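**Q** Build the 3D model from these lines:
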Amino acid sequence: MPVRYTCDGCRAPLGAVEDLYCEPTTTGRSWYCGYCRTPVPDAVGERLSHRRDGSATDRRP
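**A** I've put the predicted structure just below:
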C-alpha cells in the first residue's frame, strides 16, 4: 500500500517527494507541503522523500 499523508493545512494528499518542499537546516532538513507550505512531520517527510510519483519525468530506473 502506498505511503500517504494528508496535509493538515490544505488537506492535499501527499504521497511522493514531488508533493513536498524541503528546506535544509543546520541540523538536517525540514519538510513542508508543496502546495501550502504547512510543516509536515519529519518522519513523514523522510519516508515520502524516498518515493516518486512514477510520472514521465521520474528518472528512477
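
**Q** What's opposite the residue nearest the centre of the chain in the beta bridge?
**A** Centre of the chain computed as the mean C-alpha position; nearest residue by Cα atoms, centre = their mean is residue 20, 3.3 Å away. With DSSP bridges as the criterion, the beta-bridge partners of residue 20 are residue 33.

**Q** Quick check, pLDDT for it.
**A** Confidence at residue 20, expressed as pLDDT, is 92.

**Q** That one contacts residue 44, doesn't it?
**A** No - using Cβ atoms under 8 Å, residue 20 makes no contact with residue 44, being 9.1 Å away. Bear in mind the C-beta positions are built from the backbone N, C-alpha and C, glycine included.

**Q** which residues do those two both contact?
**A** With Cβ atoms under 8 Å, 6 or more residues apart in numbering applied, the overlap between the contact sets of residue 20 and residue 44 consists of 14, 31.

**Q** what's the strand or helix carrying residue 30 packed up against?
**A** Taking DSSP states H and E as the definition, one finds residue 30 inside strand 28-33. Using 3 or more Cβ pairs under 8 Å, 6 or more residues apart in numbering; DSSP states H and E as the contact definition, the elements that strand 28-33 packs against are strand 20-25, strand 39-40, helix 42-48.
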